[in-house]
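*Asks:* Compute the structure for the input listed below.
(one chain, ligands or ions: 1)
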Amino acid sequence: MTDTAIAADTRDLLSKFDPLIAERQALLDTGVRDPFSIVMDQVLSPTRAIIKGKETILLGTYNYMGMTFDPDVVAAGKKALDEFGAGTTGSRVLNGTYQGHREVEDALKEFYGTSSAMVFSTGYQANLGVISTLAGRGDYVVLDADSHASIYDGCFLGDAEIVRFRHNSVEDLDKRLGRLPADALKLVVLEGVYSMLGDIAPLPDMVAAVRKHQNCMILVDEAHGMGFFGPNGRGVYEEQGVEKDVDFVVGTFSKSVGTVGGFCVSNHPKFEIMRLVCRPYVFTASLPPSVVATAATSIRKLMHAGEKRAHLWKNSKRLHKGLTDLGFTLGTKTPQSAIIAVILTDQAQAVAIWQTLLELGLYVNMARPPATPAGTFLLRCSLCADHSDEQVEQIIGMFKVAGKATGAIA
Ligand code: PMP
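*Replies:* Next up is the predicted model:
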């Protein structure tokens, strides 16, 4: 490996990042903390951590249902670690399928009421694998312009034609499908909740638009909807009553489930063949036994989490109202999910509020282009069912102080 210092002006494959390196350095030179290198020194609960010696409320995790410290979930992980060891050291199709992988797939089949469930090592890999395997050269993937990076990357890996429609526009979806050859095979990819602004998709109207066209299958990514939406917590597609119209649901264990991993569930009679042909499933090691054990336990508990769901809604509505009343511009006019995004147009101001909040003892996610829509800077608040009423009031109080101190609100 090269061990000599490389001059900053040397032209090589990393030179294309020079503008970003300079932009980041200029920001750090103003004395702010780097929003993208926070370290949790200790995690006390799903809603509290120690960051740089300060006890901090967590409002920037995807721990929607607070399952990370659930005693049954933790116990299941410890037991599996003792009984099956630290890792599988192999692919699902070779030595990497343990009893626990079967058990978590059974739990998913029960949770979703489907005939098949396939578990991947992350949600990113689930989208990458499922989309690239279903839609190849000559096929079309029709997707919302604000789709998650893993959805776009799945299209690139499969080499399908990508057709984007305007975010959440039923009319544009219909128009773009109408321009494609009727006999071509198409995969329409939608998300239940869009994670940047926290808005949800109008799935019944979208499904109706898709059904006007031939040879379309529908995949819904419920990464941010699982656990929270629908009578059984399946997601927005369940809440909006379109279960029968959806061919594939992709999800993750890294949000409501509280660990790591990804999955796809389906009732398609040929779905199981995916296990042999899906490269991001075949050519990577399977999840450790402790992870699948925690996931299976968590998923089974989420089947009976009505009270937690109700409290999460209450938190979301209270925070949305509190921030609106303070004068912040939010990603949605009404609370639509557990994500509430404060929209700012200026990077310096966004970082200043973010840092002030952190100093007050509140961690939120900072998001910037290209991850965000249309050049916006976002302070993304994601609530947890375990945030107490008192914590939500504290959070609103901290936003009031930080907003005023930085001039973001009057
Ligand atoms: N889909 C969506 C919509 C997401 O927001 C994310 C992660 N933020 C993923 C997929 C990937 O999930 P994972 O963290 O399990 O890789």
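*Asks:* Surely G403 is in a helix?
*Replies:* Yes: judged by DSSP: H, G, I helix; E, B strand; the rest coil, G403 forms part of a helix.
*Asks:* any idea what sits nearest it, other than its immediate chain neighbours?
*Replies:* In this structure, G403 finds its nearest non-sequential neighbour in I409, 3.8 Å apart by Cβ to Cβ, 6 or more residues apart in numbering. In this view, the C-beta of every residue, glycine as well, is placed from N, C-alpha and C.
*Asks:* what phi and what psi does the backbone show at the one you found?
*Replies:* Reported as degrees, to the nearest 10, the phi and psi values for I409 are phi -130, psi 160.
*Asks:* Contacts only, for it.
*Replies:* Contacts for I409 (Cβ atoms under 8 Å, 6 or more residues apart in numbering) come out as 326-328, 400, 403.
*Asks:* What about those, which are in helices?
*Replies:* Those of the contacts of I409 mapping onto helices are 326, 400, 403, per DSSP state H.
*Asks:* Turn those residues into JSON lines, including neighbour count and distance to the ligand.
*Replies:* JSON lines is the format used below for the ones in helices among the contacts of I409 (neighbours: other Cβ atoms under 10 Å; distance: Cβ to the nearest ligand atom, whole Å):
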{"residue": "L326", "neighbour count": "17", "distance to the ligand": "27"}
{"residue": "K400", "neighbour count": "17", "distance to the ligand": "29"}
{"residue": "G403", "neighbour count": "20", "distance to the ligand": "27"}
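*Asks:* per-residue pLDDT, the residue nearest to N315 when sequence neighbours are not counted?
*Replies:* With Cβ to Cβ, 6+ apart as the criterion, N315 has its nearest non-adjacent residue at 4.5 Å, and that residue is L383. At L383, the pLDDT value in this model is 98.
*Asks:* Can you give me the distance of L383 to the ligand?
*Replies:* Going from L383 to the ligand by Cβ to the nearest ligand atom, to the nearest Å gives 16 Å.
*Asks:* ok, that residue touching Y62?
*Replies:* No: if you go by Cβ atoms under 8 Å, L383 and Y62 don't touch, sitting 10.4 Å apart.
*Asks:* These two: which has the busier surroundings?
*Replies:* Set L383 next to Y62 and count neighbours by other Cβ atoms under 10 Å: L383 wins out with 31 against 19.
*Asks:* quick one on the thing from earlier: now the contacts of I409 as CSV including pLDDT?
*Replies:* Below are these laid out as CSV (pLDDT from 0 to 100):
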residue, pLDDT
L326, 97
G327, 96
F328, 96
K400, 97
G403, 95
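*Asks:* So what does the residue nearest to N315 have for phi and psi?
*Replies:* Here L383 shows phi and psi, under degrees, to the nearest 10, equal to phi -90, psi 160.
*Asks:* any idea how far it lies from D106?
*Replies:* To D106, L383 is 30 Å away according to Cβ to Cβ, to the nearest Å.
*Asks:* cool, and Q99?
*Replies:* Distance, Q99 to D106, using Cβ to Cβ: 10 Å.
*Asks:* got the contact list for the residue nearest to the spatial centre of the chain?
*Replies:* Taking Cα atoms, centre = their mean, the centroid of the chain lies closest to A223, which sits 4.9 Å from it. Counting by Cβ under 8 Å, 6+ apart, A223 touches 123, 148, 191, 193, 195, 250-252, 255.
*Asks:* Leaving out sequence neighbours, find the closest residue to S382.
*Replies:* I339 is the one closest to S382 (Cβ to Cβ, 6+ apart), at 5.0 Å.
*Asks:* For the protein, which segments count as helices?
*Replies:* So, for the chain - with DSSP H - the helices run 18-29, 71-84, 99-112, 123-134, 149-158, 170-178, 203-211, 236-239, 274-277, 279-282, 289-302, 306-326, 347-360, 389-405.
*Asks:* Look at the residue in the chain that the ligand sits nearest to and say how many residues are nearby.
*Replies:* Nearest residue of the chain to the ligand (Cβ to the nearest ligand atom) works out as G123 at 2.5 Å. A count of neighbours around G123, defined by other Cβ under 10 Å, yields 24.
*Asks:* Repeat that for E23.
*Replies:* Other residues within reach of E23, judged by other Cβ under 10 Å, total 11.
*Asks:* again, but for the one 5 residues further on
*Replies:* Close neighbours of L28, defined as other Cβ under 10 Å, add up to 13.
*Asks:* Just list the residues touching it, thanks.
*Replies:* D34.
*Asks:* Now do the closest residue to K109 other than its chain neighbours against S150, distance only.
*Replies:* Spatial nearest neighbour of K109, excluding adjacent residues (Cβ to Cβ, 6+ apart): A117 at 4.7 Å. Separation of A117 from S150 (Cβ to Cβ): 18 Å.
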